[in-house]
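**Student:** How does the following fold in three dimensions:
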Amino acid sequence: MSFDPYNDPSFWQEVQAESEARRAHPRVFAAEALESIFADAADQEEALGAWRRKVARFPWWAEDALYCIDAVLAGDEPLDDIAAEARLPVGSQAVRDWLAARITPLHVAFDEVVREQSSRPAGG
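**Tutor:** This next block holds a predicted model:
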């Protein structure tokens, strides 16, 4: 029988600690998450595909990403630093609009993947 980290309580404690750290500094993690999703994607469809794979494998990471991106969008601080750190294909003036246009599809894809995985039989 092999070791399954998902059945180890210390794994989930580590996930919780990482989540708390990410959410404590939403701008930092938003930039990291946005880079992971969009920086190397050729277009929106490719980015959504990468996002869906991330949600399927690491739903806790994806949930933190949505939380942090939403928090950043809700604030009034300029987003130039996030756009630069995440290597987003948009100038500093348009970054808020660019992100706002992409956050809803990310939420929808997250919900779809979680729903799909929840409806699968265990081990399937």
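**Student:** switch to C-alpha atoms for all contacts and neighbour counts from now on
**Tutor:** Noted.
**Student:** Counting neighbours, what do you get for residue 80?
**Tutor:** Using other CA atoms under 10 Å, the number of residues around residue 80 comes to 17.
**Student:** scratch that, residue 6 is what I was asking about
**Tutor:** Residues near residue 6, counting by other CA under 10 Å: 9.
**Student:** was I right about it contacting residue 15?
**Tutor:** No - Residue 6 is not in contact with residue 15 according to CA atoms under 8 Å; the separation is 10.4 Å.
**Student:** what's the longest helix in this structure?
**Tutor:** helix 95-119 (DSSP state H).
**Student:** who does that one touch, helix- and strand-wise?
**Tutor:** When contacts are defined as 3 or more CA pairs under 8 Å, 6 or more residues apart in numbering; DSSP states H and E, helix 95-119 packs onto helix 44-57, helix 59-74.
**Student:** Recalculate using a threshold of 10 Å.
**Tutor:** For helix 95-119, the helices and strands in contact under the criterion 3 or more CA pairs under 10 Å, 6 or more residues apart in numbering; DSSP states H and E are helix 44-57, helix 59-74, helix 80-85.
**Student:** distance between the longest one and the chain's centre?
**Tutor:** Remark: helix 59-74 is offset 6 Å from the chain centroid, using CA atoms, centre = their mean, to the nearest Å.
**Student:** Which secondary structure element of the chain has the lowest mean pLDDT?
**Tutor:** helix 80-85 (a mean of 89; mean pLDDT, DSSP states H and E).
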